[in-house]
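Trainee: Okay, sequence plus prediction incoming.
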Number of protein chains: 2
Amino acid sequence: MPNYVVGHKIPDSDSICSAIALSYLKTQLGEETVPARLGELSPETLFILDKFGFEQPELKMSYAGESLYIVDHSERTQGPDDIDDATILGIIDHHKLGDITTSTPLECWIRPVGCTNTIIKMMYDFHDVEIPKNIAGAMMCAILSDTVIFKSPTCTTADIKCVEALAEIAGIEDPQALGMEMFKVKSAVEGTPIRDLVMRDFKDFDMNGNLVGIGQLEVIDLAIFDNIKEQLEADIAALKAEGNRHSVLLLLTDIMKEGSEVLVVSDNDDLTEKAYGKASENGRVWLDGVLSRKKQVVPPLQDSLA
Amino acid sequence: MPNYVVGHKIPDSDSICSAIALSYLKTQLGEETVPARLGELSPETLFILDKFGFEQPELKMSYAGESLYIVDHSERTQGPDDIDDATILGIIDHHKLGDITTSTPLECWIRPVGCTNTIIKMMYDFHDVEIPKNIAGAMMCAILSDTVIFKSPTCTTADIKCVEALAEIAGIEDPQALGMEMFKVKSAVEGTPIRDLVMRDFKDFDMNGNLVGIGQLEVIDLAIFDNIKEQLEADIAALKAEGNRHSVLLLLTDIMKEGSEVLVVSDNDDLTEKAYGKASENGRVWLDGVLSRKKQVVPPLQDSLA
């Protein structure tokens, strides 16, 4: 029976590419390990898999009785529902430390860097295992995605150096051009059902007993939302009611202007004012310079709800 | 304002030596960091500090408003009481993942090895920082202590290699002989108040809502307890009542015979039978081959109380 590597629900490119990269490394080290996923893939992730010749990892929701590595999160709400019945062998992550606990010692590589794949590159180096060209390419794209091509405040020197090293292994001359190509794929919204858009990169957080859902859409030009913004707003209101959530936020992030328009529905009318010092008007607020949910959106909100 | 490194309450040699070793490393990397402790030191730890010329780290119980690294645990019950008001910069540990959470990304080096200092040696190697002779000696002693001179089932190849490397740096020819000298110091009980003995290496665990305290005394010959066993039993019964605990266990570990006599008081009469397959008689049970609280005592107990 193999071990598994699985990222968070509503998988993004980092969750998928790090599952692929870590399972190859562990298998090379003598531990048969396969990547898995907790949901459908985004157009961006499909673009990366296609580009480097990977199949989609197995869709697997239940892990009872299995042993697994968790990547790109350490929150119970984001992991498999039956994680308590599984053995967690390790966690590789770059977020705040969540509420997953274990009953046996494990391996955790958690670093305050921009992307899980930057940490997995450190693991390859530690074990002195060569990274195959196609895995290096996928890891590189995940870092470009998570760091918004190095623009995000979560981006560190380690991420930039890692992309350079992976680009050399993968034989890619202009990583940033490939990053832009990837963000163009990510920016496409036409023909996508509204709910699929809202859920494309959506995470639930337990903030002091309040369930808060935060989605993010990163695009090259916010104008593409002009015709559908009201539909997006209606849908996050529906999501709030369906999930019994305290608040739902949808970040419409303009990676060129480097800021986010936040659509918000909340039990607290002054949610954004308290958390970010700027009141929303009719459920909308522009946060200049805000690109990172993890570093700029979640911590102040968590503090204001504490 | 410096950052701190602090281990668990009722500090053992690993908590203290890893605080010293990590604070030196972080300071070398440009982050002013000082070691601290959450309680009084054991004779074993005082022996190590004396041997390598260290002062006792500062006794510091409150960390509100401070930034700190946590070493040798990740459990709320074992850390500073006001940890929620502090910023946790990182966790270096070799136990199961506990219930500490953070609101910002951090650095975690957690590995299933025998000692935190083995992981800190990896951190020195990663950052390519030279370990001073006296720090290497203290780290080496902590590993010999935690692995019971390599006899514990928690001991890994990484721990043994690490001791060899640290012994060379520290210029110590026979690490195992120094380990035995250290365990002789640890075995001394004469003149020590009973409560001090019980608390010398005592940890509380939250097991599915049940508070369980587990102490351990590792000695070279269990005969030294012959005259005080009834006093120890009376004291763990008192500890159970005082702390409103579900159970208190005291492991009297014979490192030469490689097993532990467990003294137990519990709300469950069949506690050891359910957890370890062996019933206690008059609150005592011999568990052959059991040397490790972390690996052999806690997980089965946690499972049986789940």
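Mentor: Nice, thanks for sending it over.
Trainee: what does chain A put close to chain B?
Mentor: Contact residues, chain A versus chain B (Cβ under 8 Å from any Cβ of the partner chain): A:88, A:91, A:94-112, A:122, A:126, A:154, A:294-295, A:298-299, A:302-303. Backbone N, C-alpha and C define where each C-beta goes, glycine included.
Trainee: buried subset of the residues you listed?
Mentor: When the residues of chain A next to chain B are checked for burial by 16 or more other Cβ atoms under 10 Å in any protein chain shown, the buried set is A:88, A:91, A:94-98, A:100-112, A:122, A:154, A:294-295, A:298-299, A:302.
Trainee: Filter these down to the ones in helices?
Mentor: Counting by DSSP state H, the part of these found in helices is A:122, A:298, A:299, A:302.
Trainee: Quick check: the farthest pair among these?
Mentor: Maximum pairwise distance among these (Cβ to Cβ): 27.5 Å, between A:122 and A:302.
Trainee: what's the helix ranked longest in chain A packed up against?
Mentor: Identified as the longest helix of chain A according to DSSP H is helix A:13-28. Contact partners of helix A:13-28 among helices and strands, from 3 or more Cβ pairs under 8 Å, 6 or more residues apart in numbering or on different chains; DSSP states H and E: strand A:3-6, strand A:33-37, helix A:43-52, strand A:67-71, helix A:116-127, helix A:133-146.
Trainee: Name the residues that touch the top strand by length along chain A?
Mentor: If you go by DSSP state E, chain A has its longest strand at strand A:210-219. With contact meaning Cβ atoms under 8 Å, 6 or more residues apart in numbering or on different chains, strand A:210-219 is reached by A:77, A:148, A:183, A:186-187, A:189, A:197-206, A:225, A:236, A:239-240, A:243-255, A:260, A:291, A:293, A:297-298, A:301, A:305.
Trainee: One more: stretch A:277-297?
Mentor: Here stretch A:277-297 has contacts from A:94-96, A:148, A:151-154, A:203, A:214, A:216, A:218, A:233, A:249, A:251, A:253, A:255, A:258-265, A:270-273, A:276, B:104-105, using Cβ under 8 Å, 6+ apart.
Trainee: Now do the strands in the stretch 101-250 of chain A.
Mentor: A:107-110, A:202-207, A:210-219, A:247-254 (DSSP state E, counting those that start in this stretch).
Trainee: what's the most buried one of those strands?
Mentor: For the strands of the stretch 101-250 of chain A, average neighbour numbers computed from mean count of other Cβ atoms under 10 Å in any protein chain shown are highest in strand A:247-254, which has a mean of 24.
Trainee: what separates that strand from the chain centre, distance-wise?
Mentor: Relative to the chain's own centre, strand A:247-254 is displaced by 14 Å; criterion: Cα atoms, centre = their mean, to the nearest Å.
Trainee: Compute the inter-axis angle for the helix or strand just after it and strand A:210-219.
Mentor: Counting by DSSP states H and E, the next helix or strand C-terminal to strand A:247-254 is strand A:259-266. Here the directions of strand A:259-266 and strand A:210-219 differ by 150 degrees (axes from the mean of the first three to the mean of the last three Cα atoms, to 10 degrees).
Trainee: who are the neighbours of strand A:259-266, in terms of helices and strands?
Mentor: Judged by 3+ Cβ pairs under 8 Å, 6+ apart, strand A:259-266 is in contact with helix A:229-242, strand A:247-254, helix A:271-276, strand A:284-288.
Trainee: Show me the shaky parts of the stretch 201-306 of chain A.
Mentor: Across the stretch 201-306 of chain A, nothing is flagged by pLDDT under 70.
Trainee: Which residue would be the closest one in it to chain B?
Mentor: Nearest to chain B, among the residues of the stretch 201-306 of chain A, is residue A:302, at 4.8 Å (Cβ to the nearest Cβ).
Trainee: Would you format the helices and strands packed on helix A:13-28 as a markdown table with mean pLDDT included?
Mentor: Listed next are the helices and strands packed on helix A:13-28 as a markdown table, based on pLDDT from 0 to 100:
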| stretch | mean pLDDT |
| --- | --- |
| strand A:3-6 | 98 |
| strand A:33-37 | 98 |
| helix A:43-52 | 97 |
| strand A:67-71 | 98 |
| helix A:116-127 | 98 |
| helix A:133-146 | 98 |
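Trainee: Output the ones you listed in CSV, with distance to residue B:17 appended to each entry.
Mentor: Output for the helices and strands packed on helix A:13-28, formatted as CSV (distance: least, Cβ to Cβ, whole Å):
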stretch, distance to residue B:17
strand A:3-6, 33
strand A:33-37, 34
helix A:43-52, 45
strand A:67-71, 30
helix A:116-127, 23
helix A:133-146, 36
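Trainee: Mind checking those for the one nearest to residue B:169?
Mentor: helix A:116-127 (20.3 Å).
Trainee: which residues touch residue A:65?
Mentor: Residue A:65 makes contacts with A:85, A:86, as judged by Cβ under 8 Å, 6+ apart.
Trainee: Is it in a helix, a strand, or coil?
Mentor: State at residue A:65, reduced to three classes by DSSP: H, G, I helix; E, B strand; the rest coil: coil.
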